[in-house]
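Participant: the sequence and its predicted three-dimensional model are supplied below.
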Amino acid sequence: MFRMTLAILLTCSFILSGCNAMAQNNKTETSSLNVFNPRWEGDHFIIEVMSNGCTDSSDLEYSITDEQLTFSRIRSDNCRAMPHLVALSFQLDQAFTSLTNPILFSTGTRLMGHGKTIN
């Protein structure tokens, strides 16, 4: 009888801990993001980010502060595909289309950059 009760308690505790872990994975949190190959195409700003198969533009947000464009992930990509780069497009607000902003990105340990004006 004791073994049966112990087995039931252990099973319930594993099930409940799994439910708690699942609930924590569904939270929306802002996290840092590595951006690859940033470029302008017309009035769209294109970036590439690592994805496990479920990342799209709505999973990211951007902000412009003091001529600095920052991208943040607001929803995690919990798919299980092999990580790969995906290109995402963002149309900047009309107020920012005349902004001159250096585009900087890291290629290994070298820092690359150039300026671009959108008219």
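Facilitator: Looks like it came in fine.
Participant: quick check: buried residues in stretch 57-76?
Facilitator: 59-60, 62, 69, 71, 73, 75-76 (16 or more other Cβ atoms under 10 Å). Placement of C-beta: from N, CA and C, glycine included.
Participant: same list (these) but as CSV, adding pLDDT.
Facilitator: CSV is the format used below for those (pLDDT from 0 to 100):
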residue, pLDDT
D59, 94
L60, 92
Y62, 83
L69, 74
F71, 84
R73, 89
R75, 90
S76, 89
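Participant: restricted to strands, list the residues you listed.
Facilitator: 60, 62, 69, 71, 73 (DSSP state E).
Participant: which of these lies closest to N37?
Facilitator: The shortest gap between N37 and any of those belongs to F71, at 12.8 Å (Cβ to Cβ).
Participant: I figured the closest one hits I64, correct?
Facilitator: No: using Cβ atoms under 8 Å, F71 is not in contact with I64; the gap is 10.7 Å.
Participant: D43 contacts F90, doesn't it?
Facilitator: No: contact criterion Cβ under 8 Å: D43 and F90 do not qualify, at 9.8 Å.
Participant: quick check: buried residues in stretch 44-58?
Facilitator: Applying 16+ other Cβ under 10 Å to stretch 44-58 flags 45, 47-49, 51, 55 as buried.
Participant: show me which pair in the residues you listed is furthest apart.
Facilitator: Greatest spatial distance among these (Cβ to Cβ): F45 and S51, at 17.6 Å.
Participant: flag the shaky bits of this structure, pLDDT-wise.
Facilitator: Applying pLDDT under 70 to the chain flags residues 1-32, 67, 93-119.
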